[in-house]
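Quick one, what's the 3D model for this:
(chains A and B)
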Number of protein chains: 2
Amino acid sequence: MTATLEAVDHVAIAVRDLRAAEEWYRRAFGAEVVHRERVEEQGVDEALLRVGESYVQLLTPTRPDSPVGKFLAKKGEGIHHVAYRVKDVAAALARLEAEGVELIDAAPRRGSRGTTIAFVHPRGALGTLIELVQEGPHHG
Amino acid sequence: MTATLEAVDHVAIAVRDLRAAEEWYRRAFGAEVVHRERVEEQGVDEALLRVGESYVQLLTPTRPDSPVGKFLAKKGEGIHHVAYRVKDVAAALARLEAEGVELIDAAPRRGSRGTTIAFVHPRGALGTLIELVQEGPHHG
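All right, here's what the predicted structure looks like:
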């Protein structure tokens, strides 16, 4: 079978204070924010820093009962998930389903930056919350 | 100040069974191992999968009292650290030190693949264990 992963799209880091986190990356590494967005359905504010072909995605909850809010309460700040860039999220999901991998999203949905995304469940995925990201708009 | 991060060098995932983890990435995503190495001083066996300009680094402990062994015992399988590729680890460390960032490695040391590396402490780094990776051999 052919390889489906084109790049590490982003590494997502859950933080308590988005502006403080942005400032930390700026001071420590000279990394600047290239995009900010509130994603209401996921209950997060995000800031993206460009690192090569990837992003560092700083995430903070807009409400405590959101997935990232619960993550922070339970584990504190730290890496929340890894996202791989793929050409076709729907095809990647079909392959995962055929391999018996547990999915969070059975079908692609809209992500930030107008991308098309889906999440794979960490159970049975080496304890790793994996997001698949296809650039370009989601039509669905 | 100029930006120092050139790429996400790798995302490291701590796993219990390296061969099973390699097989999972092969089945799920068609990702193949491009490098295997035992790093005695860190007490790990690693397998690298190429994803664009980055790697996924699968890590398993060679002994239970190694850092990755303790991580697995405490937290189970999951993302262990993120590594950023830089042109000059020593210069990046000097900048971090000037900014008061707590370091694990005060000086660069040898990593796998003949790279030069240093780790930044997760305390005060948004809860994230960060590795800096400079390609090319370490002379020290």
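
Could you measure from residue A:115 over to chain B?
Residue A:115 sits 16 Å away from chain B, going by C-beta to the nearest C-beta, to the nearest Å. Using the backbone N, CA and C atoms, a C-beta is placed for each residue, glycine as well.

Contact partners for residue A:99?
Going by C-beta atoms under 8 Å, 6 or more residues apart in numbering or on different chains, residue A:99 touches B:27, B:28.

ok, it to residue B:67 distance?
Counting by C-beta to C-beta, to the nearest Å, the gap from residue A:99 to residue B:67 is 31 Å.

Same check on residue A:53?
Distance check for residue A:53 against residue B:67: by C-beta to C-beta, it reads 29 Å.

what do you get for residue A:84?
According to C-beta to C-beta, residue A:84 stands 26 Å off from residue B:67.

more crowded one of the two?
residue A:84 (24 against 18; other C-beta atoms under 10 Å in any protein chain shown).

and that one, which of the three is it?
Secondary structure, DSSP: H, G, I helix; E, B strand; the rest coil: residue A:84 is strand.

ok, for it, nearest residue in space, not its chain neighbours?
Sequence neighbours aside, residue A:5 is the residue nearest to residue A:84 in space, at 4.6 Å (criterion: C-beta to C-beta, 6 or more residues apart in numbering or on different chains).

Now for the one you found: which residues touch it?
A:84, A:85, A:86, B:29, B:30, B:31, B:51, B:52.

sec struct for it, please.
Under three-state DSSP, the three-state class of residue A:5 is coil.

ok, back up a step: identify, from the contacts of residue A:5, the entry nearest to residue B:63.
For these, the closest approach to residue B:63 (C-beta to C-beta) belongs to residue B:31, at 27.2 Å.

which SSE is that closest one in?
Using DSSP states H and E, residue B:31 sits within no helix or strand.

Surely it and residue B:51 touch.
Yes - look at residue B:31 against residue B:51 with C-beta atoms under 8 Å: they come within range, at 6.7 Å.

out of these two, which sits in the more crowded spot?
Between residue B:31 and residue B:51, residue B:51 has the larger neighbour count (other C-beta under 10 Å), namely 25 against 20.

Show the pLDDT at residue A:42.
Note for residue A:42: predicted pLDDT of 90.

Hmm, I typed the wrong one, I wanted residue A:128.
As predicted, residue A:128 sits at a pLDDT of 98.

Could you tell me whether it really is in a strand?
No - secondary structure of residue A:128 (three-state DSSP): coil, not part of a strand.

Name every strand pairing with the lowest-mean-pLDDT helix or strand in chain A and say which way it goes.
In chain A, no helix or strand scores lower on mean pLDDT, DSSP states H and E than strand A:109-110, which sits at a mean of 93. Here strand A:109-110 is paired, per DSSP bridges, with strand A:116-120 (antiparallel).
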